[in-house]
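Peer 1: sequence and computational prediction follow.
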Amino acid sequence: TSIMIPESQREDELKGYVIAVGKEVDEVEVGDLVQYADYALPTKMKHEGENHLLIAAGDIFAVLVNE
């Protein structure tokens with residue numbers, strides 16, 4: 001299960017806003033600001049002309065803001 005975060009939203013503190021979630025993910029929702037592990041191995045990808053990071057749901061430490 002994966003979560004997609006725009007690469008442009010990635011901060012040095014390993015945070016990002018969730019723009020999409022896999023079908024099996026129910027811990028986070030689109031729009032959440034999350035912090036993920038420094039050992040996470042995000043996959044860089046392009047979607048609709050924007051850069052994003054694909055991160056495993058298990059690498060999310062916390063939901064910081066739920067919008």
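Peer 2: The structure has been received and is ready for your questions.

Peer 1: which residues in this structure form strands?
Peer 2: In the chain, the strands defined using DSSP state E lie at 2-6, 15-17, 20-21, 33-36, 43-47, 50-56, 60-65.

Peer 1: how about these, which one is nearest Glu27?
Peer 2: strand 60-65 (6.9 Å; Cβ to Cβ). (Glycine included, C-beta is placed from N, CA and C.)

Peer 1: I'd assumed Lys46 was in contact with Glu7.
Peer 2: No - in this structure Glu7 lies outside contact range of Lys46 using Cβ atoms under 8 Å: 9.0 Å.

Peer 1: which neighbours do the two share?
Peer 2: His52 (Cβ atoms under 8 Å, 6 or more residues apart in numbering).

Peer 1: neighbour-wise, which of these two wins?
Peer 2: Each of Glu7 and Lys46 has its neighbours counted (other Cβ atoms under 10 Å); Glu7 has more, 15 against 9.

Peer 1: show me the contacts for that one.
Peer 2: Lys44, Glu50, Asn51, His52, Leu53.

Peer 1: same deal with Thr43?
Peer 2: Applying Cβ under 8 Å, 6+ apart, the residues near Thr43 are Leu53, Leu54.

Peer 1: need the phi and psi values for the residue of the chain most remote from its centre.
Peer 2: Within the chain, Gly49 marks the point farthest from the mean C-alpha position, 17.4 Å out by Cα atoms, centre = their mean. The phi/psi pair for Gly49 (degrees, to the nearest 10) reads phi 80, psi 0.

Peer 1: about what we covered before: columns distance to Glu27 and mean pLDDT on top of the strands of the chain, output as a markdown table?
Peer 2: Shown next, in a markdown table, are these (distance: least, Cβ to Cβ, whole Å; pLDDT from 0 to 100):
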| stretch | distance to Glu27 | mean pLDDT |
| --- | --- | --- |
| strand 2-6 | 9 | 72 |
| strand 15-17 | 15 | 90 |
| strand 20-21 | 9 | 94 |
| strand 33-36 | 9 | 92 |
| strand 43-47 | 19 | 90 |
| strand 50-56 | 12 | 92 |
| strand 60-65 | 7 | 89 |
